[in-house]
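In: I would like to see how this sequence folds:
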Amino acid sequence: MAEKELILKEKVENSGLFDFAALYGFAHSWLKDQENYGVVEEKYSEKVSGNSRDIDIEWKATKGLSDYFRVELSVKYEVRGLTDVEVEMEGSKKKMNRGKVSVEIKGTLIRDPDSKWENSPINKLMRDIYNKYIIPSRVKDMKDIVRGDVMGFKDNLKAFLDLTGKR
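Out: Numbers count the residues shown, from 1 in each chain. Predicted coordinates:
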């Protein structure tokens, strides 16, 4: 069985004006195009009450770093009280959203994702020796990559929300 280790958990929150469709598209393309993650939407639920919506979305984004290491990002969106509004920007009207959005990002490092070292007790022992004595500095480097991806994603989401909400 693959070994999973949670490396970092971060959260971005924003209340007020933002463009949810643009945020969704930006986040997806940043993961997929910029960082080469495969993104799977595991959950999408939307509750409508009156003219406001509550939306919950969960993504799993994975990227192979080598045959032995894989990064998995769990991204969870919680949108509360989302309403459509029209705002005037630079002399023209634009459709935006008002509400509260929270994005939780968990970065996990997975070792032996295909469980190649699980087929016999001797292989398990060899894997433990490999992890403990041969590649500790490489493991540290991989953890740094996971931290960097989580923080980069968080910082880009914050910048996007600041940019679209403050115009």
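In: show me the contacts for Ile110.
Out: Residues counted as contacts of Ile110 (Cβ atoms under 8 Å, 6 or more residues apart in numbering) are 2-5, 69-72. The way it works is simple: take the backbone N, C-alpha and C, and place the C-beta from them, glycine included.
In: likewise Glu41?
Out: 57-59.
In: which residues does it bridge with?
Out: Trp59 (DSSP bridges).
In: what's the answer for Ser49, then?
Out: Beta bridges link Ser49 to Ser52, judged by DSSP bridges.
In: which one among the contacts of Glu41 gets closest to Phe153?
Out: Set against Phe153, the nearest of the contacts of Glu41 by Cβ to Cβ is Trp59 (10.9 Å).
In: Do a quick rundown of the helices in the chain.
Out: Ranges of helices in the chain, per DSSP state H, are 20-29, 121-129, 136-166.
In: got the angle for the longest one vs helix 20-29?
Out: By that I understand helix 136-166. 160 degrees (axes from the mean of the first three to the mean of the last three Cα atoms, to 10 degrees).
In: Return the list of helices and strands in contact with helix 136-166.
Out: Using 3 or more Cβ pairs under 8 Å, 6 or more residues apart in numbering; DSSP states H and E as the contact criterion, the elements in contact with helix 136-166 are strand 3-18, helix 20-29, strand 69-89, strand 92-111.
In: want to throw these into a markdown table with mean pLDDT and distance to Glu118?
Out: A markdown table is the format used below for the helices and strands packed on helix 136-166 (pLDDT from 0 to 100; distance: least, Cβ to Cβ, whole Å):
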| stretch | mean pLDDT | distance to Glu118 |
| --- | --- | --- |
| strand 3-18 | 95 | 10 |
| helix 20-29 | 96 | 33 |
| strand 69-89 | 94 | 15 |
| strand 92-111 | 94 | 11 |
